[in-house]
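A.B. asks: Build the 3D model from these lines:
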Amino acid sequence: GIDLDGVKAETKKMFRITRLKNRFDPAYEAASQSAGYRDLSLNLEVGWRLAGGEVQFEPVQDWRGCNRHICEVQIRLMGFHKIASQENHMKYVHWRNMLTR
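C.D. replies: Below you'll find the predicted structure:
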C-alpha cells in the first residue's frame, strides 16, 4: 500500500497492459512506417461487471467471471494532436492501405 501522511491506502492493479507501441523511440522508422507520425500507444485490458445498472471496474485479482474489454490509450505530442483531424486521419488510412497492396 501507499502511506499518505499516516493514512494507509491499499493500491490494486486495475488494468493489464496487453500491447505497447512506442513510436517516440528513435529506432522507430516513422517516415516509412507511419508517414512521420509518432505517439505512445497502450492497449489496456480492464475487467468489469454490471452492478445495479452501472458498470463497476474490478481489480485484476477479481477478474474471474468478469467481462473484459481492451481499449487503446494514445499519448501524443500537442503538435501531432492538432493536425490529427478526421480529414488528415483519412489521408493516413488511404496512405497505409496503399502500402499493403
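
A.B. asks: since we're on residue 58, how many residues are nearby?
C.D. replies: Residue 58 sits with 19 neighbouring residues when counted by other C-beta atoms under 10 Å. Every residue, glycine included, has its C-beta placed from N, CA and C.

A.B. asks: any idea what sits nearest it, other than its immediate chain neighbours?
C.D. replies: Excluding its sequence neighbours, the residue lying closest to residue 58 (C-beta to C-beta, 6 or more residues apart in numbering) is residue 47, at 4.4 Å.

A.B. asks: For this structure, which residue occupies the most central location?
C.D. replies: In the chain, the residue lying closest to the centroid (C-alpha atoms, centre = their mean) is residue 73, at 2.3 Å.

A.B. asks: Help me confirm that that residue comes into contact with residue 44.
C.D. replies: Yes - at 6.1 Å, residue 73 counts as touching residue 44 under the criterion of C-beta atoms under 8 Å.

A.B. asks: quick one, what contacts residue 18?
C.D. replies: Shown in contact with residue 18 (C-beta atoms under 8 Å, 6 or more residues apart in numbering): 43, 44, 45, 70.

A.B. asks: So it, which state does it fall into?
C.D. replies: Here residue 18 takes the strand state, with states given by DSSP: H, G, I helix; E, B strand; the rest coil.

A.B. asks: Which residue, neighbours along the chain excluded, lies closest to it?
C.D. replies: Nearest non-adjacent residue to residue 18, counting by C-beta to C-beta, 6+ apart: residue 43, 4.6 Å away.

A.B. asks: Would it be right to say that residue 93 lies in a helix?
C.D. replies: Yes - under three-state DSSP, residue 93 sits within a helix.

A.B. asks: so what's it scoring on pLDDT?
C.D. replies: pLDDT, residue 93: 76.

A.B. asks: quick check: longest strand of this structure.
C.D. replies: For the chain, the strand with the greatest residue count under DSSP state E is strand 40-51.
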